[in-house]
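> generate coordinates for the sequence data below:
(chains A and B)
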There are 2 protein chains.
Amino acid sequence: MREGPLDSLIKALAGLPGLGPRSARRIALHLLTNKAKAMNPLINALEQTAENIKICDLCGNLDLVVPCHICRDPKRAKSTLCVVAGVADLWAVERTGAYRDQYHILGGVLSALDGIGPDDLSITALTRRVQQSPPQEIILALSATVDGQATAHYLMDKLESVTEAKITRLAHGVPVGGELDYLDDGTITTALKSRAAL
Amino acid sequence: MREGPLDSLIKALAGLPGLGPRSARRIALHLLTNKAKAMNPLINALEQTAENIKICDLCGNLDLVVPCHICRDPKRAKSTLCVVAGVADLWAVERTGAYRDQYHILGGVLSALDGIGPDDLSITALTRRVQQSPPQEIILALSATVDGQATAHYLMDKLESVTEAKITRLAHGVPVGGELDYLDDGTITTALKSRAAL
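Model (predicted):
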């Protein structure tokens, strides 16, 4: 009752990832004191997005159009397929500008702890897609976590039986700009094992 | 163009205090993947708030009603008036439960750097209010910053000429739970000077 009428707004904001009650209160006040510049643009953007965003039925990307602008881009080759866990990962790869072919979004990674099995991910759609328009290479761009790597191995097994494509994973090693002193032993071990000629 | 239709939402979110592009992307994705549980409640709360929130013309608080629920509460004594810089500070004092009288919101503090002078704050309204219904005590609950303290001294001068009320400020000292080792010299000096019998 203390904050009264703002409670529902603060509660909705505090439930967002990375925000808590304190930052939610700060944001709510900022919105209220900047109605024209902050509140109304945010409401408009939210409404526009809520109404118009669709899920691409080919790759699983979020876009205004189906198929999404990546799948319908004629300039993108179909020879390589990059398998990612989620939309955030697709964005991360796109931001690099180093990859300009096709994507497939799994919708997560296998996780015994969270109870996510193969049927919860878009794996059947992936094998079907790979059979219908066979790529030359499939890049499993999954996180270097236990769950990510388990998912990669599972996909590897599934895909090998339905495609001739080369199946690759992202390189492991020292992050660019990373200091050895702050890296964990596992990363340094992997980087040593995969060392390359200068 | 990379994130396409979500750009305006991410931009609106990234402009909020404490958020940047990375956290904004994370929140946008969370909203899109949890439409019913996160997106729609947030839109509703924002719209409700934007439409209904008013500024109390007595104290400057934000509420659904004018005068606000604090000013119209008959259980609150009128003998003490707590002057705060903003609504967030009023909330902070209310949360303690240690104060249950009246408030006056200045709308900021004097700041030469930010070009905020006495006319930008609700100081005339404060002196008028103090003259119309004289309190017994005025607590200047302003931050212990240079600007906050300068504002307190300015208000002290202004108020002394129009009221007989006792004018007080919050105590300075070691925060509860604070370790001496991590405190700045100024706080320890103030705490030493204002030391009290055990």
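
> for A:Ala38, which residues are in contact?
Contact analysis of A:Ala38 by C-beta atoms under 8 Å, 6 or more residues apart in numbering or on different chains lists A:30-31, B:12, B:15-16. (C-beta placed from N, C-alpha, C; glycine too.)

> any idea which of these has the most stuff around it?
Among the contacts of A:Ala38, the one with the most neighbours (other C-beta atoms under 10 Å in any protein chain shown) is A:Leu31, at 24 neighbours.

> that's a helix at that residue, yeah?
Yes - under DSSP: H, G, I helix; E, B strand; the rest coil, A:Leu31 sits within a helix.

> my guess is it contacts A:Met39, does it?
Yes - in this structure, A:Leu31 is within contact of A:Met39 by C-beta atoms under 8 Å, at 4.4 Å.

> nearest to A:Leu183 among the contacts of A:Ala38?
Sorting the contacts of A:Ala38 by distance to A:Leu183 puts B:Leu16 at the head of the list, at 33.7 Å, by C-beta to C-beta.

> quick one, strands of chain A?
A:54-55, A:62-63, A:80-84, A:102-105, A:137-140, A:166-169 (DSSP state E).

> for the second one, packing partners?
Other elements packing on strand A:62-63 under the criterion 3 or more C-beta pairs under 8 Å, 6 or more residues apart in numbering or on different chains; DSSP states H and E are strand A:54-55.

> how about 10 Å then?
strand A:54-55, helix A:87-96, helix B:21-33 (3 or more C-beta pairs under 10 Å, 6 or more residues apart in numbering or on different chains; DSSP states H and E).

> what's the answer for the fifth one, then?
Using 3+ C-beta pairs under 10 Å, 6+ apart, the elements in contact with strand A:137-140 are strand A:80-84, strand A:102-105, helix A:146-160, strand A:166-169.

> repeat for the last one
Applying 3+ C-beta pairs under 10 Å, 6+ apart, we find strand A:166-169 packed against strand A:80-84, strand A:137-140, helix A:146-160.

> check those for me and report the most buried one.
strand A:80-84 (a mean of 24; mean count of other C-beta atoms under 10 Å in any protein chain shown).

> partner strands of that one, parallel or antiparallel?
Sheet pairing for strand A:80-84, assigned by DSSP bridges, gives strand A:102-105 (parallel), strand A:137-140 (parallel).

> buried set for the helix or strand of chain A at the bottom of the mean pLDDT ranking?
Of all helical and strand segments in chain A, the minimum by mean pLDDT, DSSP states H and E falls on helix A:185-193, at a mean of 85. Within helix A:185-193, the residues that count as buried by 16 or more other C-beta atoms under 10 Å in any protein chain shown are A:187, A:190-191.

> what residues does that helix touch?
A:144, A:171-175, A:178, A:180, A:183-184 (C-beta atoms under 10 Å, 6 or more residues apart in numbering or on different chains).

> just the closest of those residues to chain B, please.
Nearest to chain B, judged by C-beta to the nearest C-beta, of the contacts of helix A:185-193 is A:Pro175 at 16.2 Å.

> identify the residues contacting the closest one.
A:182-183, A:187, A:191 are the contacts of A:Pro175 under C-beta under 10 Å, 6+ apart.

> quick one, domains of chain A?
Structural domains assigned to chain A are A:5-52, A:76-169, following automatic domain parsing.

> how about those in a markdown table, adding mean pLDDT and distance to B:Val93?
Shown next, in a markdown table, are these (pLDDT from 0 to 100; distance: least, C-beta to C-beta, whole Å):
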| stretch | mean pLDDT | distance to B:Val93 |
| --- | --- | --- |
| domain A:5-52 | 90 | 14 |
| domain A:76-169 | 93 | 40 |
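
> for these, which one sits closest to B:Ile138?
Per C-beta to C-beta, nearest to B:Ile138 of those: domain A:5-52, 24.1 Å.

> which one of the strands of chain A lies nearest to B:Gly117?
Here strand A:62-63 is closest among the strands of chain A (C-beta to C-beta), at 48.1 Å.

> ok, and what's touching the closest one?
Under C-beta under 10 Å, 6+ apart, the answer for strand A:62-63 is A:49, A:52-56, A:68-72, A:87, A:90-91, A:105, B:3-6, B:28-29, B:32-33.

> again, but for stretch A:121-133
Contacts for stretch A:121-133 (C-beta under 10 Å, 6+ apart): A:57-60, A:78-79, A:81, A:83, A:85, A:102, A:104-110, A:117-118, A:135, A:138, A:151, A:154-155, A:158-159, A:161-165.

> send me stretch A:107-114 as CSV with only the CA atoms.
Provided in CSV are the C-alpha atoms of stretch A:107-114 (Å, rounded to 0.1, in the frame of the first residue of the first chain):
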residue,chain,number,x,y,z
GLY,A,107,14.7,-22.8,-28.6
GLY,A,108,17.0,-23.8,-25.8
VAL,A,109,19.5,-26.6,-25.0
LEU,A,110,19.0,-30.0,-23.5
SER,A,111,19.0,-29.8,-19.7
ALA,A,112,18.3,-32.7,-17.3
LEU,A,113,18.1,-30.2,-14.4
ASP,A,114,15.5,-28.0,-16.1
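
> many thanks, have a good one.
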